[in-house]
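Colleague: structure for this input, please:
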Amino acid sequence: MPSLHKHIQPILCALVAVIFFWPGLASALVINEMRFGEHPDKTRMVLDLSEEVNYRVFALSDPYRIIIDLPDFTWKVGSIYKPDSSGIAGIRQGKLEAGISRIVLDMKAPVTVGAAFVLPGDNSKPNRLVVDFSPAAASNPPMQVYGMLTGGGMSAHNPSTLPTRPPADNVDNISMEDPAVIAALGTAPAAGPMAVPAPARKPDKKSPPQADTQKTEPPYKKPLIIIDPGHGGEDPGAIGKHKTREKDVVLALAKELKKQLEATGQFDVLLTRDSDKFIRLRDRVNFARKHQGDLFVSIHADSIDKSSVRGSSIYTLSEKASDAQTAKLADSENRADLIAGLDLSNEDKDVANILVDLAMRDTMNQSNFFANKLVEKLNDQSGVRTLPNAHRFAGFAVLKAPDIPSVLIEAGFMSNAEEERLLTSAEHRRKVASAIRYGITAYFEHVRRNERS
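Modeller: Numbers count the residues shown, from 1 in each chain. Predicted structure coming up:
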């Protein structure tokens, strides 16, 4: 078995080289500049593009965001000047799905997109995507989608060098009366608001296409919840003072949660294990992705060297743990694969680096939102205690699915005698499962509101 590393490592290195350096896979579109200008009634964003491309622009609420979807691109934007009046909290970008990448403007308050159009380049100016946005009158404004993203590009142009900081009151002196702007706005499908629904997080591949999205609601697909009881088989997990095994109590809690979720009639549920068997960490994630889960919930009940510490906590993915205790906990969990006789830690690190580079950033935001909902519902449940700062961050291997919002729940500490007793109580497990169920329901209500908006 030890020789396996020697064979896998070169393969992984070769895979990384193919992904990042193969000429045929390189992004044709280059974004060279992003800049903003202030106007009395709006903020204007301009992207300098190497090509004239299709696009999709829309705004979302709770949290407030402006979304710009483009064909896969190379990001060469340097420092970005953001006017104080723009309300921009942050800017991030990454891959959304095959052939499409996304730019997200995180906003401090609700906004509406007033216009979005592409201006073809010429000898003096590059191709530009222009997006106008302004504060929204309502907290949850109707969403308008501008443009149509079908991928691909047109002729390439050499972008000119433009200043990072624009004039105080405009960007590029673009006028809505400019013939080029009028032509851009008058050309379908980029002619202002289009009747295009926001893309769902996990479209139902089995659902037939709808003939008229304005009149017909797509069939409702129950979200699929993947529940992952930690440990199992030769890996007992933490052992309590009274010899209670973590693998047993988390399996019992997972089954209780599955029963409660299915009783609502709103969810489909699968367990990564429904008996006492060992499953490798990466296979738990692969199981969730194979079944196209909409949410991944891993359940644990760990142990630490301070027997007085008790309370539940929720973890979401971070490359850096939020504190030393969390880092130690994550390290011990990620080494669980050693028990099956194979140390996958080196390969997992390489794969994790690839996933982080390619991961959809919105997945981590969804995970964080869900974690906060869970903490809120756990605190509302009588008899369930949480740790201070109960939402924490760690590099747990089971949280690394790039396309499925994922959390790891520490239901309590086996090292605390009282919590060990509670975790063996069916009544207490019902309370914890009920709080998790409420959190899952609240999360998907939020997702559905965003899809309808």
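
Colleague: residue 414: what's it in contact with?
Modeller: Listed by Cβ atoms under 8 Å, 6 or more residues apart in numbering, the contact set of residue 414 reads 237, 238, 239, 240, 244, 246, 249, 301, 302, 303, 420, 423. In this view, the C-beta of every residue, glycine as well, is placed from N, C-alpha and C.

Colleague: what's the end-to-end length of stretch 42-57?
Modeller: 16 Å (Cα to Cα, to the nearest Å).

Colleague: just the mean pLDDT for it, thanks.
Modeller: Across stretch 42-57, the average pLDDT comes to 90.

Colleague: repeat for stretch 60-69
Modeller: On average, stretch 60-69 scores 86.

Colleague: repeat that for stretch 238-248.
Modeller: pLDDT averaged over stretch 238-248 gives 94.

Colleague: for the remainder of this discussion, apply numbering that starts at 18.
Modeller: Shifting the count to begin at 18 puts that one at stretch 255-265.

Colleague: between the two ends of it, how far is it?
Modeller: End to end - Cα to Cα - stretch 255-265 spans 10 Å.

Colleague: one more: stretch 99-117?
Modeller: 25 Å.

Colleague: buried residues, it. List them.
Modeller: For stretch 99-117, burial by neighbour count (16 or more other Cβ atoms under 10 Å) applies to 99, 100, 103, 104, 105, 108, 110, 111, 112, 113, 117.

Colleague: any low-confidence regions in the stretch 118-267 of the chain?
Modeller: 154-160, 165-237 (pLDDT under 70).

Colleague: the strands in the stretch 368-470 of the chain, which residues?
Modeller: With DSSP state E, counting those that start in this stretch, the ranges of strands along the stretch 368-470 of the chain come out as 403-411, 423-427.

Colleague: what's the shortest one packed up against?
Modeller: Which is strand 423-427. Secondary-structure packing of strand 423-427 (3 or more Cβ pairs under 8 Å, 6 or more residues apart in numbering; DSSP states H and E): strand 312-317, strand 329-334, helix 378-397.

Colleague: at 10 Å what do you get?
Modeller: Secondary-structure packing of strand 423-427 (3 or more Cβ pairs under 10 Å, 6 or more residues apart in numbering; DSSP states H and E): strand 241-246, helix 263-280, strand 312-317, strand 329-334, helix 341-351, helix 378-397, strand 403-411, helix 443-469.

Colleague: what's the mean pLDDT across it?
Modeller: Here the average pLDDT along strand 423-427 is 95.

Colleague: so what are the domain limits for the chain?
Modeller: Domain segmentation of the chain under automatic domain parsing yields 41-211, 241-469.

Colleague: what is the burial count for residue 381?
Modeller: When neighbours are defined as other Cβ atoms under 10 Å, residue 381 has 20 of them.

Colleague: is it true that it touches residue 334?
Modeller: Yes. Applying Cβ atoms under 10 Å as the test, residue 381 and residue 334 come out as touching, 6.2 Å apart.

Colleague: residues shared between the contacts of these two?
Modeller: 373, 410, 416, 419, 422, 423 (Cβ atoms under 10 Å, 6 or more residues apart in numbering).

Colleague: which one (most neighbours) among the residues you listed?
Modeller: Neighbour counts for these, by other Cβ under 10 Å, peak at residue 423, which reaches 29 neighbours.

Colleague: thinking again about what came up before, just name the most buried of the strands of the stretch 368-470 of the chain.
Modeller: Ranked by mean neighbour count, those are led by strand 423-427 with a mean of 27 (mean count of other Cβ atoms under 10 Å).

Colleague: before we move on, back to that, adding distance to residue 452, write the shared contacts of residue 381 and residue 334 out as CSV.
Modeller: Formatted as CSV, the shared contacts of residue 381 and residue 334 follow (distance: Cβ to Cβ, whole Å):
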residue, distance to residue 452
373, 30
410, 21
416, 20
419, 28
422, 18
423, 18
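
Colleague: distance to residue 85 for the strands of the stretch 368-470 of the chain - can I get that in a markdown table?
Modeller: Below are the strands of the stretch 368-470 of the chain laid out as a markdown table (distance: least, Cβ to Cβ, whole Å):
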| stretch | distance to residue 85 |
| --- | --- |
| strand 403-411 | 27 |
| strand 423-427 | 26 |
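
Colleague: which one of those strands lies closest to residue 325?
Modeller: Counting by Cβ to Cβ, residue 325 lies closest to strand 403-411 out of these; the figure is 12.2 Å.

Colleague: for the closest one, which strands pair with it and how are they oriented?
Modeller: Here strand 403-411 is paired, per DSSP bridges, with strand 329-334 (parallel).

Colleague: what angle separates the partner strand from strand 312-317?
Modeller: Angle of strand 329-334 versus strand 312-317, following axes from the mean of the first three to the mean of the last three Cα atoms, to 10 degrees, is 130 degrees.

Colleague: any stretches of the stretch 268-417 of the chain with poor pLDDT?
Modeller: For the stretch 268-417 of the chain, the stretches flagged by pLDDT under 70 are 336-379.

Colleague: so how far is residue 420 from residue 115?
Modeller: Applying Cβ to Cβ, to the nearest Å, the value for residue 115 to residue 420 is 11 Å.

Colleague: now do the shared contacts for those two.
Modeller: Common neighbours of residue 115 and residue 420 are not found (criterion: Cβ under 10 Å, 6+ apart).

Colleague: pipe the contacts of residue 431 into a markdown table and attach neighbour count and distance to residue 448 per row.
Modeller: Formatted as a markdown table, the contacts of residue 431 follow (neighbours: other Cβ atoms under 10 Å; distance: Cβ to Cβ, whole Å):
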| residue | neighbour count | distance to residue 448 |
| --- | --- | --- |
| 254 | 22 | 21 |
| 255 | 22 | 21 |
| 256 | 15 | 24 |
| 257 | 21 | 19 |
| 261 | 17 | 18 |
| 263 | 28 | 19 |
| 266 | 28 | 14 |
| 318 | 30 | 14 |
| 319 | 20 | 19 |
| 320 | 20 | 21 |
| 437 | 25 | 16 |
| 440 | 24 | 11 |
